[in-house]
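Trainee: sequence isn't available, so here's the structure alone:
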């Protein structure tokens, strides 16, 4: 997308970045995005530390899932029954593929790095009015990631439907085909919403970057970012509510169901961290998306005159 899109109709109008940068909503976005970045950074540190422990095991050849879980459990002092649960679930063990898990880890690490970089970019944008270009590039990368994701889903769905059509005619085939089509439609909706979300933020950052560099008002194309970001915050609020209810009402049942009966103080502290994390992450994501909704509203209001 061209950076120099300001026309004669806009070149004479001064930009008003203070109307969408020096606002409570932008501070809210930065705050929650920094929390998001801290969580992503912590997960990234955890993954890199675990990977460093696994490198020695990988060098020995094929590694079973239970061996890796035992390694991580020992390093982080996890309850002993964790390995027992995994051992029961993974009958015979699962052989880890270098290529498959290497690819998965690469994608996860790259995604976490982008989250951290975006948090830094938003912080600089809020306090120094720099970083709009970085944020734009990050969301353009996310657009490409979602396109690749949808291609994978489409390929997987096509294979699944092809296999289903080879099944004997009957209720089983009809149910399987219906389920596959519903899942495909849901994935398409999720893909379109996320693609539009990242596209709209990239477009908004193009305008912001232009205005901060030139001091002139840039053209702001119409988007659905406010509606999409508000819609995105709802599932996270719902998840946080259910997690809170789970913590208050069913935590004992959950612990008992997975074999934890003798709870020590250290174990309670560990479960406390677990619940704070499970409730805190959706709240952070909900707050960030709600802040984006109001930030985009302020950006549009600054371009109505």
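Mentor: Cool, got the structure. These numbers come from a predicted model, not from an experiment.

Trainee: going forward, measure contacts between C-alpha atoms and count neighbours the same way
Mentor: Fine.

Trainee: for the stretch 51-200 of the chain, just list every one of the strands.
Mentor: Ranges of strands within the stretch 51-200 of the chain: none, based on DSSP state E, counting those that start in this stretch.

Trainee: quick one: low-confidence residue ranges for it.
Mentor: 54-104 (pLDDT under 70).

Trainee: all helices of it, in order?
Mentor: 65-75, 81-89, 98-128, 132-165, 171-214 (DSSP state H, counting those that start in this stretch).

Trainee: mind putting those helices into CSV with distance to residue 237 and mean neighbour count?
Mentor: Output for the helices of the stretch 51-200 of the chain, formatted as CSV (distance: least, CA to CA, whole Å; neighbours: other CA atoms under 10 Å):
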stretch, distance to residue 237, mean neighbour count
helix 65-75, 31, 17
helix 81-89, 29, 15
helix 98-128, 20, 16
helix 132-165, 23, 16
helix 171-214, 18, 17
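
Trainee: right, and the ones you listed - which one's nearest residue 16?
Mentor: For residue 16, the closest of these is helix 171-214, at 8.1 Å, according to CA to CA.

Trainee: what's the closest one packed up against?
Mentor: Other helices and strands packing on helix 171-214, by 3 or more CA pairs under 8 Å, 6 or more residues apart in numbering; DSSP states H and E, are helix 132-165, helix 225-249.

Trainee: for stretch 229-240, give the mean pLDDT please.
Mentor: On average, the pLDDT along stretch 229-240 is 89.

Trainee: stretch 23-41 now?
Mentor: Per-residue scores along stretch 23-41 average to 89.

Trainee: going forward, begin numbering at 12 instead of 1
Mentor: All right, first residue 12 from here; so that's stretch 34-52.

Trainee: and it, which residues are buried?
Mentor: 36-48, 50-52 (16 or more other CA atoms under 10 Å).

Trainee: list just the nearest of those to residue 29.
Mentor: residue 37 (10.5 Å).

Trainee: check which helix or strand covers the closest one.
Mentor: Assigned by DSSP states H and E, residue 37 belongs to helix 35-69.

Trainee: I'd like to check the angle between that helix and helix 109-139, please.
Mentor: Orientation check (axes from the mean of the first three to the mean of the last three CA atoms, to 10 degrees): helix 35-69 against helix 109-139 gives 150 degrees.

Trainee: to residue 183, which of the helices and strands packed on helix 182-225 lies closest?
Mentor: helix 143-176 (9.3 Å).

Trainee: let's have the helices of the stretch 62-211 of the chain in CSV, adding distance to residue 306.
Mentor: Compiled in CSV, those are given as follows (distance: least, CA to CA, whole Å):
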stretch, distance to residue 306
helix 76-86, 41
helix 92-100, 44
helix 109-139, 12
helix 143-176, 14
helix 182-225, 10
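
Trainee: just so I know, which of these lies nearest residue 291?
Mentor: helix 109-139 (16.7 Å).

Trainee: buried ones in stretch 238-256, by neighbour count?
Mentor: 238-245, 247-248, 250-251, 254-255.
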